[in-house]
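> following is a predicted model, sequence given first.
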Amino acid sequence: MQFHVSPIKSVNLSRLPTLVSTFLASNPTLDLLVLPEVWNSPYATKAFPSNAEPIGSPDSPSLPSPSLSPSVHLLRSLAISHSIHIVGGSIPELGPGGEVYNTCVVYGPDGGMRAKHRKVHLFDIDVPGGVTFKESDTLTAGSNLLTTFKHPTLGVVGLGICYDIRFPEMFLLHASSSTSSRPGLDLFVLPGAFNMTTGPRHWSLLQRSRAVDTQCYVVSSSPARSTREIEEENGRLTAGMGYEGYRAWGHSMGVDPWGEIVATAGEGEENVVVDVVLERVEGFKESVPTKEQKRGDLYTVEKKE
Ligand SMILES: O=C(O)CCC(=O)C(=O)O
């Protein structure tokens with residue numbers, strides 16, 4: 001899903017149920033719903049701590065109270081009421097020691113938390129004349145590299161968040177580390193919020209690259225780009241709150257293992273339906289068997305324990 005993110009958290013929370021119902025009403029057979037990166041808060045380092053909420057963990061059945069974690073409860077209730085798996089984009093997460101993470105939480109239709117991925121690679125870049133952003137000013141990086149969840153029709157799904165996509169080793173490890181309890185995966189889901197500097201240059205290139213080098217589908221979801229009217233409104237609000245607005249590139253998309261963009265949004269509020277054909281993955285892996293052809297005698301990519 002691709003929608004505008006308001007600087008006011010309560011506005012985002014109150015809008016989401018209608019956005020989801022409207023989308024699902026016209027697409028009743030969807031298997032998986034994917035929200036954008038930081039959909040409940042402005043994408044601004046100063047805004048992350050004040051909008052952060054505890055999330056709990058997939059291993060613990062109890063959730064923090066709805067007053068502490070309204071976004072998490074909302075995601076869970078939407079998954080139950082629509083009987084669908086939801087990759088909840090990401091939200092600022094308040095950790096046990098007061099640290100803040102950029103975290104993706106996944107709910108199943110029974111209300112069970114299926115996975116939690118904390119963004120592993122923080123978005124710290126400085127492009128003169130372009131974008132400067134330093135997530136590490138207020139965020140802590142996650143340390144669980146390979147987060148997955150099992151979906152009944154899509155198989156094992158690998159998770160990453162935005163800047164994570166620039167690190168091919170993470171995706172190669174994901175794609176290569178199949179075991180009997182964790183079969184190989186065919187799909188990556190990436191909430192992201194690229195910007196007006198790197199978006200046009202790298203957003204689709206990186207997704208197509210990760211799709212080709214892992215031989216998997218890649219599906220992304222971005223916030224919609226602010227319109228002039230929204231920028232003006234946000235300008236008034238952000239001035240008082242002490243942070244600058246961030247313009248997302250948009251273009252949520254799905255890429256198949258051939259690297260073809262199979263569906264894409266533009267820049268505004270627009271949802272994308274991606275048809276994931278798992279047979280296509282197998283076909284590609286058989287036709288171009290690079291996984292078997294890797295020269296393990298010459299190189300490896302290894303995950304540290
Ligand atoms: O990698 C980029 O250029 C953008 C990354 C980003 O916006 C993010 O990680 O939130």
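Nice, I can see it.
> C-alpha only now, for contacts and for neighbours.
Noted.
> in its sheet, what does the longest strand along the chain sit against?
Taking DSSP state E as the criterion, the chain has its longest strand at strand 100-107. Sheet partners assigned to strand 100-107 using DSSP bridges are listed as strand 85-87 (antiparallel), strand 91-94 (antiparallel), strand 113-118 (antiparallel).
> and the contacts of the shortest one?
Right, the one you point to is strand 85-87. 31-35, 75, 79, 104-109, 151 (C-alpha atoms under 8 Å, 6 or more residues apart in numbering).
> report whether the longest strand of the chain contacts the ligand.
No - using C-alpha under 6 Å from any ligand atom, strand 100-107 stays clear of the ligand, with a minimum separation of 9.1 Å.
> could you dump that strand to CSV, C-alpha only?
Extracted C-alpha coordinates of strand 100-107, given in CSV (Å, rounded to 0.1, in the frame of the first residue of the first chain):
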residue,chain,number,x,y,z
VAL,A,100,14.5,3.2,19.5
TYR,A,101,14.5,0.9,16.5
ASN,A,102,13.0,1.1,13.0
THR,A,103,11.0,-2.1,13.2
CYS,A,104,8.8,-4.1,11.0
VAL,A,105,6.2,-6.4,12.7
VAL,A,106,4.2,-9.1,10.9
TYR,A,107,0.8,-10.3,12.0
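> need the mean per-residue confidence for it.
Averaged across strand 100-107, the pLDDT comes to 98.
> ok, and what's touching it?
Outside strand 100-107, the residues touching it (C-alpha under 8 Å, 6+ apart) are 38, 48-49, 52, 72, 75-76, 79, 85-95, 113-119, 138-142, 161.
> list buried residues within these.
Buried by 16 or more other C-alpha atoms under 10 Å: 38, 48-49, 52, 72, 75-76, 79, 85-94, 113-119, 139-142, 161, out of the contacts of strand 100-107.
> got the contact list for the one residue sitting closest to the centre of the chain?
Among the residues of the chain, the one closest to the centroid is Pro191, at 1.9 Å (C-alpha atoms, centre = their mean). Counting by C-alpha under 8 Å, 6+ apart, Pro191 makes contact with 34-37, 89-90, 160-162, 220-222.
> now stretch 141-152: buried residues?
141-142, 145-146, 148-150.
> the residue lying closest to Val273 once chain neighbours are set aside: how many residues sit nearby?
Distances taken as C-alpha to C-alpha, 6 or more residues apart in numbering place Ala263 nearest to Val273, at 6.8 Å, with adjacent residues excluded. By the criterion of other C-alpha atoms under 10 Å, Ala263 has 17 neighbours.
> in which helix or strand would I find Ala263?
Per DSSP states H and E: Ala263 is located in strand 261-264.
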